[in-house]
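K.L.:
Okay, predicted coordinates and the sequence, questions at the end:
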There are 2 protein chains.
Amino acid sequence: MGNMPANYGKDPAVSLAQEMFAIVPATGKANLSASQLKLLSGKARWIFRVGETGFPTVPTIAITRAAWEGLQAERQRRDTKLRTHWIACLFKLVADPSKPPQLTVRTSAGAHNGGLMPARIGIPAPTTSDESVDPGSALGKAIREAFESYGFERSWGGSRSSEEERARQIVLVQTTAEGELEQFLTRHAVTGKLGPAPAGGAPLPRLPDSVEALVQLLDAKSGRHMTCLVAVDGGKVTFLSARPIQASAAAELEAAVDRVQRKVWTAHNAVTRVDPTRIAQLLHPGIRSTEGILPIATGLGVSPGAASGVVVFTAEDAARMRARSRHCILVVNETGPADIEGMKAATGILTARGGMTSHAGVVARITGKPCVAGVRTLSVNAGEMVCRIGDREFRTGDRLTIDGSDGSVYAGALPLAQPHIGGAIGTLLGWSDATRQISVRTNAETVESALTALSFGAEGIGLARSEHMFFSPERMVALRRVILSEDEDDRSRAINGLVDYQTGDYSALFATMHGRPVTVRLFDPPLHEFLPRSDEDIEETAAQLGLAVRALRLRLERIAEVNPMLGHRGVRLAITYPELLQMQVQALMAGVREASERQSEPVAVEIMVPFVSTASEVAWVRERVNAIAANSGLLRTDRVKLSFGTMIELPRACLRAGDIAHMVDFISFGTNDLTQSTFGISRDDAPTFLAAYQRKGIYERDPFVTIDEKGVGEMIGIAISRGRAANPTLKIGICGEHAGDPTSLRYFSGLGVDYVSCSPYRVPVARLTLAQASA
Amino acid sequence: MGNMPANYGKDPAVSLAQEMFAIVPATGKANLSASQLKLLSGKARWIFRVGETGFPTVPTIAITRAAWEGLQAERQRRDTKLRTHWIACLFKLVADPSKPPQLTVRTSAGAHNGGLMPARIGIPAPTTSDESVDPGSALGKAIREAFESYGFERSWGGSRSSEEERARQIVLVQTTAEGELEQFLTRHAVTGKLGPAPAGGAPLPRLPDSVEALVQLLDAKSGRHMTCLVAVDGGKVTFLSARPIQASAAAELEAAVDRVQRKVWTAHNAVTRVDPTRIAQLLHPGIRSTEGILPIATGLGVSPGAASGVVVFTAEDAARMRARSRHCILVVNETGPADIEGMKAATGILTARGGMTSHAGVVARITGKPCVAGVRTLSVNAGEMVCRIGDREFRTGDRLTIDGSDGSVYAGALPLAQPHIGGAIGTLLGWSDATRQISVRTNAETVESALTALSFGAEGIGLARSEHMFFSPERMVALRRVILSEDEDDRSRAINGLVDYQTGDYSALFATMHGRPVTVRLFDPPLHEFLPRSDEDIEETAAQLGLAVRALRLRLERIAEVNPMLGHRGVRLAITYPELLQMQVQALMAGVREASERQSEPVAVEIMVPFVSTASEVAWVRERVNAIAANSGLLRTDRVKLSFGTMIELPRACLRAGDIAHMVDFISFGTNDLTQSTFGISRDDAPTFLAAYQRKGIYERDPFVTIDEKGVGEMIGIAISRGRAANPTLKIGICGEHAGDPTSLRYFSGLGVDYVSCSPYRVPVARLTLAQASA
């Protein structure tokens, strides 16, 4: 009951009287008390604010449900206190007693809601005291029905209504203004330009110039896109009501920057008031080029952006793909509430039925997923896991590209072009950097994604997964040769084959980052992700490695792991195969040398050991890294700034962070794996039970999306405090996917981390969120 | 330097003088200072103690390496302080100045060690002062060589020598006693009976009666089996030296009980002085019956007990089997130091070569593993993973049974008969229960193992893994039917098939335990452990389930998990398949009803939910368990004591133990899984890197054998303190394999747990260890 008037409940009649009052009297000012001002919600708030400025506004009374019910109860008791007050309120609507007005009854919900009663107009004002409180009168009926339309289960905020919230619901009683009713927006829904702008599908009506003052007034007071209702009578405009609407992310952003330029807001206002999740929705990729490529089908582009990926037909398969960081297109006949998890997990959505306002379209726009809907030539047979688009057949694993901006569908995975930051978003992010205290880096291992991240304002690379440099087919063969080697000699030869690739990759990455820090994580392949699985793949790999298929199968069986996520990976590889560690560090130093010859800045390289659980592992690797780095001769020059650190992904590493901190310059939390090990959940396998968990309310949120503060968060907190206590100069980062999630970022900010590292497209989100958290 | 004399290093000459002294002078008493007494180690200690009692003992000087080197250094400086003292010591050996004695030089190591210099006898006593300090004299040479034989790297304790330890090494100078030298043991090496008893392979010499007093004296002073050297001259016995030997576990135990009966020790002494790991070695199973079964080969039984299991040829395969809790026999031509890990992991060892004192025999006896060595008809081809015994061929996975008591080898897995507790071990454990404060329960799900555990003194069942009740082929089919069910109906039908088995099993188990607590863990099959893998197995299962092989493969693929250990298991099964939970609890209550009709005690059943990570999971299951239990009607009677708890196996559950404790009567730590998740190590997959980790000193100990105090231990400590703070009556148990490891048990005892639960054979070890920890 935090926001209730302080005297609520003390003298019920007096309190209830305070809950029905004229917010815009026909003459004079409303002079509301502090407790009355607190009650103003929804349209009532805007009507009062506009009326107060002196802009012509229809006389209006606000009455809460508590007050209305109190009035009815009093009537049963034959008491008159509230009745007297109510009649006084009604009297305030009347400017000219000789002309009793026609009345309008409106709800005053904070947001639009389909179930609410539409405004009831043309109600004759009560002519007697009795009529004014008679629930059977036209006014009484309209007020009662307006309250009923709020429903019981759901409050107007959309959340479950408490008794207190319900008591404070408001119904408005207005006089009827002269003239034509006209509706418009305060800002354009798509461009964000200051209005008046057309509302809904209707064209913008002709409006007197005085509307501009109203628009500016509402925009400044609300700081949001508003839809606005006025009566126009010749050149005279009377304000009736307004409520905020949800505009596109781009429009909101343009509006925010425009308000700063108009000096309605400070830059700081703009930075703190834009929702970072909206920023993410702006950064949609597009298809790089469609020259010479024809779409195989066209539907409605109901949610903008292009997406390509493998075809999936179920939410579970989509979740599985997401768990493996693979892009996928969810292909269904139409979507419904059961598909929401799958839509969130998919990269894009393609439906056979539905339009702009279909379930698919609405959810896709909310979640920022590209979506093409209503493709008439598409038919999906989910049972058989196959779909047809025209005369072509697609099965799980085949690839598609969709463009939610124009509704095109292409076969195969077309290259996508990445969005750029500029205009309003660039301006806003520039302002945001002024208050931000935590660095934002990116997870990237290719020059291309590093460039994307730089264009989004990344201040360094916080996670270059060295094993990801082997994702091209040719290199995959080289890596498989290492993993499948039979003995040390075999392995040494295979490893030597990797050095050249690595040196070139590192040198290019360092050069791209131009002296900004680059954190290279030592090899951490959970082996199974790099090995052939299908029969064809095994046959092909055998041929590439010059092995008999049978021999390859034998080796695959021998190194197969029951639980690869907890197996022979991370630092364990470096310790059991020291030659792999040596090759990596040598290639790194060679990359530094190459890059440093081409630039004036020293190369800032940070070597990071993954998946440690003991300080002894860190010590073992550090000794060898230091020796190899010293051997390179580079440390004696000013061409390199080398630092050494470790990734914290296991509960034991959190507990022993004090020991570990003595031996490192930095630690960086791998929150994906730390969530896996703290919860004992394999992200790959979670889809089979996670949906049931969320449905049954066991988990409030998916801990792989938003950091679990009470468990994983505490582990991180323990590690930070122990690490800093042991080594006050310890630098601390976050490099899991949570580093791109606003809720998690706010939490990390409170833990005092020095930097976060997220995927390139999330860099702007992190910049804005962290600026807000520091503000 | 904790044990060094307090004045060590202050006045070197005086200190060093204190480090060479007559421990048994020819006449009078030694009158050693406190710092000299502290220096006595190895034989020197026993010679002094026997001499002090007045038993005839040869005059003896002890000289430390520090003193000897000081004497030599002084000689270079031409100083005389130590020299004067040394000559005085030598003089104390002489009873009759007219007869300068022949001298003997001995080392004085605490334990026997192959590299030490054997006693050097018949050295003429020095005749001049110069000769007495001359390193080139016969005495000087013998003393120097005795010190050199201690070696540098290894101290006499077997651990790496520190400079301090080295300085304190002792060499003894004795006069030569008259008569024949005779050796004997203070107690029989096998039966533990008070001696004199034969030493080594030699028969017991004829000894005068006065030896008995010496034997009793040494046995009382040392409390150990000692080997003893005396000179016998007619009826006169002179004591020369003694050192402890390692007797068999049975002999040590008999001796301990005998000492109590002789009032040399109190029962408390016996309980605290017996090493619990020795107890474990006594509890060897034997072959139940060999009637009608002929061994396929016979070798030497070099380490007692019978073992059966699958054949493995390498340490890695043995470790893999152990990780899966499967018994295996390591079959090799002969063993060497590289095989120790494999021998520890194996259930039994079979070698083609070697005898009683071979590497295999020695290591097998130390580690308590049954071993048959020197089987001449055995030949092993490890490269091809095959061995031949006579004309039969065995490959990895074939089964063998060995009997290390008589050297027999049998094909197949013969049923084993379990050892019983009685005699000395029963007496000792009876005494131990008086001081023990922590209950000892067992992990058991069959009547047979429950009975074994009861015979070993188990006070209840702390972990009945309900899914293990399905390990018979017929039941496995029923369980597979559940796991592989396609939909809810399919699953419900399959589950109904399980009810009858369960009810009978539970009823029998409860009846066996006769009112003692039985903790039943709800279903927790990591799915992969219960599914067919080989082609034959898949074909057979398909036939049993009435499925096409192709359809079965498809289902197997669909439910295959990438990381089953972190997958759809434990409480996650109960929440996603509530019908499984319901069946289980109904069967449990039916089992209670059946058992309670046959006994007067109420059934004490504790339902335990596995693998939880959030309090919400516990709440969800508790609500349903309570409803089903209430429905049974049993709760209104006095026939059942029902409690509800959860297994703590995940770091997050440790952190949230406060929330969880509000909802449970007990928690029990599953330390195997908790070690897996805290370290991020799959026990199944660890063998590929764990050996390298121990070799390179990354891990001091295998954390799956001895609890990792600094990581997993802290997690347990956090959970206990938060759990108890939230619920002061919370009962706390340990039910991982660490509950059978003495070092871990001592640690758990310090954490204040209420009970531990270990495998039946480990119950006596836990009883003794916990008694010692409480003493």
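P.N.:
Received the coordinates, thanks.
K.L.:
quick check: longest helix of chain A.
P.N.:
Taking DSSP state H as the criterion, chain A has its longest helix at helix A:488-513.
K.L.:
for that helix, which positions count as buried?
P.N.:
A:491-492, A:494-495, A:498, A:501-503, A:505-513 (16 or more other C-beta atoms under 10 Å in any protein chain shown). C-beta: built from backbone N, CA, C; applies to glycine.
K.L.:
Return the distance of it from the chain's centre.
P.N.:
Per C-alpha atoms, centre = their mean, to the nearest Å, the displacement of helix A:488-513 from the mean C-alpha position of its chain is 37 Å.
K.L.:
just stretch A:84-95 next, same as before
P.N.:
Centroid separation for stretch A:84-95 versus its chain: 48 Å, with C-alpha atoms, centre = their mean.
K.L.:
which other residues reach it?
P.N.:
A:17, A:20-22, A:25-27, A:59-61, A:63, A:71, A:100-101, A:103, A:125-126, A:129, A:132-133, A:173-175 (C-beta atoms under 8 Å, 6 or more residues apart in numbering or on different chains).
K.L.:
can you narrow the buried residues of helix A:488-513 to ones near chain B?
P.N.:
Among those, proximity to chain B is found for none (C-beta under 8 Å from any C-beta of the partner chain).
K.L.:
Run through the residues that contact A:D524.
P.N.:
A:R465, A:S466, A:E467, A:R569, A:G570, A:L573, A:P610, A:F611.
K.L.:
now A:F666
P.N.:
Going by C-beta under 8 Å, 6+ apart, A:F666 touches A:T519, A:E606, A:M608, A:S643, A:G645, A:L730, A:K731, A:I732, A:G733.
K.L.:
Around the last one, how many other residues sit close by?
P.N.:
By that I understand A:G733. By the criterion of other C-beta atoms under 10 Å in any protein chain shown, A:G733 has 29 neighbours.
K.L.:
Show me what it is bridged to.
P.N.:
A:S668, A:Y755 (DSSP bridges).
K.L.:
Then the first one?
P.N.:
For A:T519, the beta-bridge assignment (DSSP bridges) gives partners A:E606.
K.L.:
for the nearest residue to A:T298 once chain neighbours are set aside, phi and psi?
P.N.:
In this structure, A:T298 finds its nearest non-sequential neighbour in A:G407, 5.2 Å apart by C-beta to C-beta, 6 or more residues apart in numbering or on different chains. Dihedral pair for A:G407: phi 80, psi 10, per degrees, to the nearest 10.
K.L.:
Contact partners for A:G407?
P.N.:
A:T298, A:G299, A:L300, A:G301, A:V302, A:V372, A:V375.
K.L.:
Format those as JSON lines; extra columns: secondary structure and neighbour count.
P.N.:
Formatted as JSON lines, the contacts of A:G407 follow (DSSP: H, G, I helix; E, B strand; the rest coil; neighbours: other C-beta atoms under 10 Å in any protein chain shown):
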{"residue": "A:T298", "secondary structure": "strand", "neighbour count": "16"}
{"residue": "A:G299", "secondary structure": "coil", "neighbour count": "26"}
{"residue": "A:L300", "secondary structure": "strand", "neighbour count": "20"}
{"residue": "A:G301", "secondary structure": "strand", "neighbour count": "21"}
{"residue": "A:V302", "secondary structure": "strand", "neighbour count": "24"}
{"residue": "A:V372", "secondary structure": "strand", "neighbour count": "33"}
{"residue": "A:V375", "secondary structure": "coil", "neighbour count": "25"}
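K.L.:
Among these, which one lies nearest to B:S108?
P.N.:
Using C-beta to C-beta, A:V372 comes nearest to B:S108 of the contacts of A:G407, at 89.5 Å.
K.L.:
and the residue nearest the centre of chain A, what helix or strand is that in?
P.N.:
When chain A is reduced to its mean C-alpha position, the closest residue under C-alpha atoms, centre = their mean turns out to be A:T277, at 3.4 Å. Element membership for A:T277 (DSSP states H and E) is helix A:276-282.
K.L.:
just checking, what packs against that helix?
P.N.:
On a contact count with 3 or more C-beta pairs under 8 Å, 6 or more residues apart in numbering or on different chains; DSSP states H and E, helix A:276-282 meets helix A:249-261, helix A:742-751, helix A:763-774.
K.L.:
Report pLDDT for the closest residue to A:A346 other than its chain neighbours.
P.N.:
Spatial nearest neighbour of A:A346, excluding adjacent residues (C-beta to C-beta, 6+ apart): A:L330 at 3.8 Å. Here, the pLDDT recorded for A:L330 equals 96.
K.L.:
Is A:L330 in a helix, a strand, or coil?
P.N.:
strand (DSSP: H, G, I helix; E, B strand; the rest coil).
K.L.:
now do A:A453
P.N.:
Looking at A:A453 with three-state DSSP, the answer is helix.
K.L.:
Same question for A:K263.
P.N.:
Put simply, A:K263 is coil when judged by three-state DSSP.
K.L.:
count of residues packed around it?
P.N.:
Neighbour tally, A:K263, other C-beta under 10 Å: 8.
K.L.:
So which of the contacts of A:D524 are in strands?
P.N.:
A:R465 (DSSP state E).
K.L.:
give the contact list for A:L330.
P.N.:
A:L330 neighbours (C-beta under 8 Å, 6+ apart): A:V312, A:F313, A:A315, A:A318, A:D339, A:G342, A:M343, A:A345, A:A346, A:G348, A:I349, A:L350.
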